[in-house]
Every structure is written in C-alpha cells, then in structure tokens.
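**Student:** got a predicted structure plus its sequence, pasted below:
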Amino acid sequence: MADRTNHGIDPQSHPDLSAWLAERVRNFAHWAEDTGTPGTWDFSPRSLDALEDLIRSRYDSDAETRTARRDAFLQGACWYVGEVVCRTRGAVWKFEPFAVKGAELPSLFGEADPSGVIDDPCVGMPGEDTEEAIYPMGAVHGLFCTEDELGNPIVQHLSDVLGDFDEDDEDDDVE
C-alpha cells in the first residue's frame, strides 16, 4: 500500500525543495558554462532539444543516469527541464516524498534510488496533485527507454514534457 498521506508540509514550500531550488539558481551560470554552450540555455522549448543531445552524448542508459542523478550536471539538467515547463506552462515546483507504506519517507534526492520511493521534485499546475505532475528526472531517465509497457518501440524526447506546446501559441495569446 502506498503512503500518499498529507505529511503536514505543502509540496510547494517543502524546505528541502526550497533549498534545492535556491542552490540550482545560484549554480545555473556555472552549470551553463560547464555545458560548453552557455548561450543555449534561454528556457525556450527548443532548448530542450539541445539539452537532450547533451544528455545523450554523456550517457548511454537510464542505469547510467540513475547512478549519476546526484551529479551537478544532471541536477542542473533536471532543474532546467522543470524551469522550462514552469515558464512555458505556468507550472510550479513541488516536492512530496512518497514511499511504500511503512517505509521511511525519503529526503530530496536521497543516497539511493530504491524502488517504491519518489525522492525528486516535480512540476505541476498550482493546486494540482503531484500524482498528475511531471518529474523532470524521470524524463531524463526516460530518454533511454526503447519500448512502452506493452513492448511497442518508442522514442522519448525531453520536449515531450511540454505536451503539444507550440512556441507560436504564445504569440496567438497576445492580441
């Protein structure tokens, strides 16, 4: 049984999330410089393609990204993906730890990546439950999935987190 009960902390103001976000913002310029393409990171939907290329050039499998999920590069990439969603979709960051009933709730990006635990932040619409949210680190891991639950071949992209968002739609809203 899953433990998705209210733990008395608002997912948008969880202290671990606030600290993680502040650290990502502080380190963004350094992260961007370390990618070798600092001018690329403008928070546009198109920039997710460049980030995907960069991730695919550094890792060969979801096992590798899971092992490296606490590394500065992937932490910055996760934050960047979420920020693109927040800025283009009006989403907000959230963190609601999840563990199999009876297990200790994990901290944000804990040491291990055990099954039955969610310990990374997500982005979703204000007031929306975190079960409906997008998990940027999950999107990074998903880049290396080659088939769906039914065994059908798939190709996933970071831009998939935006759904059918089209940058031209922004211009249509301004009239």
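**Tutor:** That came through fine.
**Student:** nearest spatial neighbour of the spatially most central residue of the chain, skipping sequence neighbours?
**Tutor:** Nearest to the geometric centre of the chain sits residue 136, at 1.4 Å (CA atoms, centre = their mean). Spatial nearest neighbour of residue 136, excluding adjacent residues (CB to CB, 6 or more residues apart in numbering): residue 81 at 3.8 Å. In short, each C-beta sits where N, CA and C put it, glycine included.
**Student:** repeat for residue 162
**Tutor:** Closest to residue 162 by CB to CB, 6+ apart is residue 45, at 5.5 Å.
**Student:** from residue 150, how far off is the one you found?
**Tutor:** Counting by CB to CB, to the nearest Å, the separation of residue 45 from residue 150 is 29 Å.
**Student:** now residue 86
**Tutor:** From residue 86 to residue 150 the distance is 32 Å (CB to CB).
**Student:** neighbour count for these two, which is higher?
**Tutor:** Using other CB atoms under 10 Å as the criterion, residue 86 and residue 150 rank with residue 86 on top: 15 against 6.
**Student:** quick check, that one in contact with residue 80.
**Tutor:** No. The criterion here is CB atoms under 8 Å, and residue 86 misses it with residue 80 at 10.6 Å.
**Student:** just for the chain, where's the confidence low?
**Tutor:** Within the chain, the ranges that satisfy pLDDT under 70 run 1-8, 112-116, 164-175.
**Student:** which stretches in it count as helices?
**Tutor:** Along the chain, counting by DSSP state H, helices occupy 15-34, 47-58, 62-67, 72-89, 136-142, 167-172.
**Student:** the second one: how far from the chain's middle?
**Tutor:** A distance of 14 Å separates the C-alpha centroid of helix 47-58 from that of its chain, computed with CA atoms, centre = their mean, to the nearest Å.
**Student:** that helix packs against which elements?
**Tutor:** Applying 3 or more CB pairs under 8 Å, 6 or more residues apart in numbering; DSSP states H and E, one finds that helix 47-58 contacts helix 72-89.
**Student:** list the buried ones in the helix it packs on?
**Tutor:** Across helix 72-89, burial judged by 16 or more other CB atoms under 10 Å covers 74-85, 88-89.
**Student:** out of the residues you listed, who's nearest residue 101?
**Tutor:** Nearest to residue 101 among these is residue 78, at 26.9 Å by CB to CB.
**Student:** got the contact list for that closest one?
**Tutor:** 69, 120-121, 136-137, 140 (CB atoms under 8 Å, 6 or more residues apart in numbering).
**Student:** list of residues touching stretch 9-20?
**Tutor:** Contacts to stretch 9-20, defined as CB under 8 Å, 6+ apart, come from residues 92-96, 107-109, 121, 126, 130.
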